[in-house]
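Asker: Turn this into a structure:
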Amino acid sequence: DYNSYSGYEQWKTQHALGRQSIFQFGVQTPQLPLSPEESVLVYEDRLQHEIGEWFPAQVIKKKDDGTYDIVYDDDGEKETLDRKSIRKLDSSVSPLSVGERILINVDSCWKQGSVLEIFADDTFKVHVNEGYDSNAHRRDLMPQKEADSSETLPRISTPMLERGLQSTLAEMEIDGSFNIHDDIGDGCIITIFWSQGSVILSWDGWTN
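Answerer: So this is what the prediction gives:
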C-alpha cells in the first residue's frame, strides 16, 4: 500500500530496483496569520473545487486548535473554520497576466476564473469557471493564490538547484552527463545520466 508519511522519509528508505524512479517534493509555505476583526474571504462548495465561491466575512478570533471563528458579512452567521478555508483580501493592484487564475467579484461573491484579455483602461476580459465570460475592472479582481510567508523560505532558483545537485554528485563520486532545460516555462528540468543511473529534476518555478 502507498505510504502517506513524508516524502523525505520515503526518499531515505528507497532501495535501488534496477530501474528509474521519479520522486516529487514540495514545500508548503505557511499561511499568514489572521487578526481579530480582519476582513477575509471564506471558501464554500469544496465538492466543486474549480467552481467554488468565496464569501466576505470577518474574523472573530483564533482558537487554541488553530481554527478561526468567523462571521459572514451577508447574514451574520458564525462558523468555525480551518485556516485553509479562509483567505486574506488582496487590495494590491499588482499586474495580472493573460491566463492567470483569479477571483472575480460578482455581486459581493468572489468566483473563480482566469484572465482572457487586458485592456488599456484597467479593465479585463475574464472567464468565470461557471461557464461564461465577462468584463471586470481591476478593483474587482485578485490573484487566486493568496500571498503567503514564502519570503521566510530560501529563494529557489535554477542555479541553486544546479549547485545542489552537482555538490551531491561530487560527494557520491558520480560523473554524469548534466543538462539543464530552462526555456520551457518559469522553472526548469535538469537531467543527469550516468552508466548506473539517472536523475530527472523538474521545478515549476514556484516557491511552494
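Asker: just the helices in this protein please.
Answerer: Secondary structure of the chain (DSSP state H): helices at 7-12, 158-171.
Asker: pLDDT on the last one, on average?
Answerer: To tie it back to what came earlier, the one meant is helix 158-171. In this model, helix 158-171 carries a mean pLDDT of 85.
Asker: Endpoint to endpoint, stretch 170-190 covers what distance?
Answerer: Taking C-alpha to C-alpha, to the nearest Å, the span from the opening residue of stretch 170-190 to its closing residue is 16 Å.
Asker: Could you dump the helices of the chain into CSV and include distance to Asn129?
Answerer: Glycine gets a C-beta too; all of them are placed from N, C-alpha and C. Formatted as CSV, the helices of the chain follow (distance: least, C-beta to C-beta, whole Å):
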stretch, distance to Asn129
helix 7-12, 30
helix 158-171, 32
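Asker: looking at those, which is buried most?
Answerer: A comparison of the helices of the chain by mean neighbour count, using mean count of other C-beta atoms under 10 Å, puts helix 158-171 on top with a mean of 13.
Asker: And it, what does it pack against?
Answerer: If contacts are counted by 3 or more C-beta pairs under 8 Å, 6 or more residues apart in numbering; DSSP states H and E, helix 158-171 sits against strand 177-181, strand 188-194, strand 197-203.
Asker: between these, which one is nearest to Glu38?
Answerer: Ranking the helices and strands packed on helix 158-171 by proximity to Glu38 (C-beta to C-beta) places strand 197-203 first, at 33.6 Å.
Asker: for this structure, what are the low-confidence residue spans?
Answerer: By pLDDT under 70, the weakly predicted segments of the chain are 1-12, 14-29, 45-51, 148-155, 207-208.
Asker: And the strands in it?
Answerer: Residue ranges of the strands in the chain, as given by DSSP state E, are 39-44, 53-62, 68-72, 78-81, 86-88, 101-106, 109-118, 123-128, 132-137, 141-143, 177-181, 188-194, 197-203.
Asker: can you redo those as TSV with mean neighbour count and distance to Pro33?
Answerer: Converted to TSV, those look like this (neighbours: other C-beta atoms under 10 Å; distance: least, C-beta to C-beta, whole Å):
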stretch	mean neighbour count	distance to Pro33
strand 39-44	18	12
strand 53-62	18	7
strand 68-72	18	10
strand 78-81	13	14
strand 86-88	21	10
strand 101-106	19	21
strand 109-118	18	21
strand 123-128	18	30
strand 132-137	13	30
strand 141-143	21	19
strand 177-181	13	38
strand 188-194	17	33
strand 197-203	16	28
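Asker: Of those, give the one that comes closest to Thr13.
Answerer: Closest to Thr13 of those is strand 197-203 (C-beta to C-beta; 17.5 Å).
Asker: just to revisit the earlier point, of all the strands of the chain, which one comes closest to Ile156?
Answerer: Judging the strands of the chain by C-beta to C-beta, what sits closest to Ile156 is strand 197-203, at 6.9 Å.
Asker: related to what we said a few turns ago, quick one: which of the helices and strands packed on helix 158-171 is nearest Arg87?
Answerer: Smallest distance to Arg87 across those (C-beta to C-beta): 25.3 Å, for strand 197-203.
Asker: That's all I had, so thanks and see you.
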